[in-house]
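>>> Kindly generate the corresponding structure for this input.
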Amino acid sequence: MKKSLKNSNLTGWLLMVLLVMGSCNNEESTNVEEDATFEVAELVASDEADLISEEIANIGEDVYATEEIRATSKSFFLSNFLPECVTITTVVSGDTKETNIDFGEGCEMPNGNLLSGIIHLSYAKDMDAATKTISLSLEDFTFNEVAVTGGATLVRQRSNDNGNPQSDAVASYNGVWSDGSVASFTGNRTREWVEGYGSGFWADNVFLISGKGTYTNKAGDVYSREIISSLRRELSCRFIVSGVLEVAKNDTTISLDFGDGSCDAKGMLTFPNGETKEILLRRFNK
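Residues are numbered from 1 along each chain as shown. The predicted model follows:
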């Protein structure tokens, strides 16, 4: 049964790199002053664009992995990551499979994000291939009321050198927010599925993420983002739990350390002058 799209209270751009308010336990955050290079609103916007790209890739990979496990294990398998309001259809044409992941007019994910529209996947029907290229595109797609266009190409390995599934993605997206603001995000990202593959229980899934990308705001300012130490994404937690990210504009770079693995909103920010400050983070906290 499809759910109606709930109103999402987006109060500006949500921040993972620099945030001055909000947390999972409603604690007051430490104020971080803006400077001429890093405007808080733009850093928040770049993080939201990055999160959208990551979540789209995660959904696409989960659906593909379900198909792969069913085909290679010769037994029925069902992932519980996508709710009942999502409709998945697959059509085989020649040597290609086309899969549509349809969120209808609105569907709430387990993590609270609200999606509508369709994610299209296209890939070779040979599910025994060790490496597979997956094309991902969007149709009338929104993510928490942000209208998103674009797509990605994922090169997926069934087993990397560590014996884990891994996808290398090249993504390019444009977003239009409800206030008319427009931004774009491109990135090259590697996601290694280090825990939970094939369990059928989404909350035990863990990924290590590396790579870099750029965010361009409506004024044409470009912010580069590079993962210095792999980010650990646990689907049971709303926050990145460890790893280090650098964000640069012009000749100025800041870094954010996401911590020791605890699921909390805390991060340690390092400024260009070497000063550090603990901040509280928030991701689509409605």
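>>> List the buried residues of the lowest-mean-pLDDT helix or strand in the chain.
When each helix and strand of the chain is scored by mean pLDDT, DSSP states H and E, strand 276-280 comes last, with a mean of 78. Neighbour counts using 16 or more other C-beta atoms under 10 Å place 279-280 of strand 276-280 among the buried residues. (Glycine included, C-beta is placed from N, CA and C.)
>>> That one: partners in the sheet, and parallel or antiparallel?
Strand 276-280 pairs in its sheet with strand 266-270 (antiparallel), by DSSP bridges.
>>> Could I have the CA atoms of the strand it pairs with written out in CSV?
In CSV, the C-alpha atoms belonging to strand 266-270 read as follows (Å, rounded to 0.1, in the frame of the first residue of the first chain):
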residue,chain,number,x,y,z
LYS,A,266,29.6,14.5,17.3
GLY,A,267,32.5,15.4,15.0
MET,A,268,35.8,17.2,15.3
LEU,A,269,36.4,20.1,12.9
THR,A,270,39.9,21.3,12.1
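>>> How far away from the center of its chain is it?
Remark: strand 266-270 is offset 20 Å from the chain centroid, using C-alpha atoms, centre = their mean, to the nearest Å.
>>> any idea how far Gly117 is from Ile56?
Taking C-beta to C-beta, to the nearest Å as the measure, Ile56 falls 11 Å from Gly117.
>>> let me redo that: Asp264
Look at Asp264 and Gly117: by C-beta to C-beta, they are 33 Å apart.
>>> Quick check: Val247 touching Ile227?
No: Val247 lies out of contact with Ile227 (C-beta atoms under 8 Å); the separation is 10.7 Å.
>>> quick one: contacts for Asn205?
Neighbour list for Asn205: 81, 193, 195-197, 199, 234-235 [criterion: C-beta atoms under 8 Å, 6 or more residues apart in numbering].
>>> okay, those residues in a markdown table with secondary structure next?
Below are the contacts of Asn205 laid out as a markdown table (DSSP: H, G, I helix; E, B strand; the rest coil):
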| residue | secondary structure |
| --- | --- |
| Phe81 | coil |
| Trp193 | strand |
| Glu195 | strand |
| Gly196 | coil |
| Tyr197 | coil |
| Ser199 | coil |
| Glu234 | strand |
| Leu235 | coil |
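>>> quick one: which of the residues you listed is nearest Gly274?
Checking the contacts of Asn205 against Gly274 by C-beta to C-beta gives Glu234 as the nearest, at 30.4 Å.
>>> right, and that closest one touches Val241 too?
Yes: between Glu234 and Val241 a contact is recorded at 5.7 Å, counting by C-beta under 8 Å.
>>> overlap in contacts of these two?
Among the neighbours of Glu234, those also in contact with Val241 (C-beta under 8 Å, 6+ apart) are Cys263.
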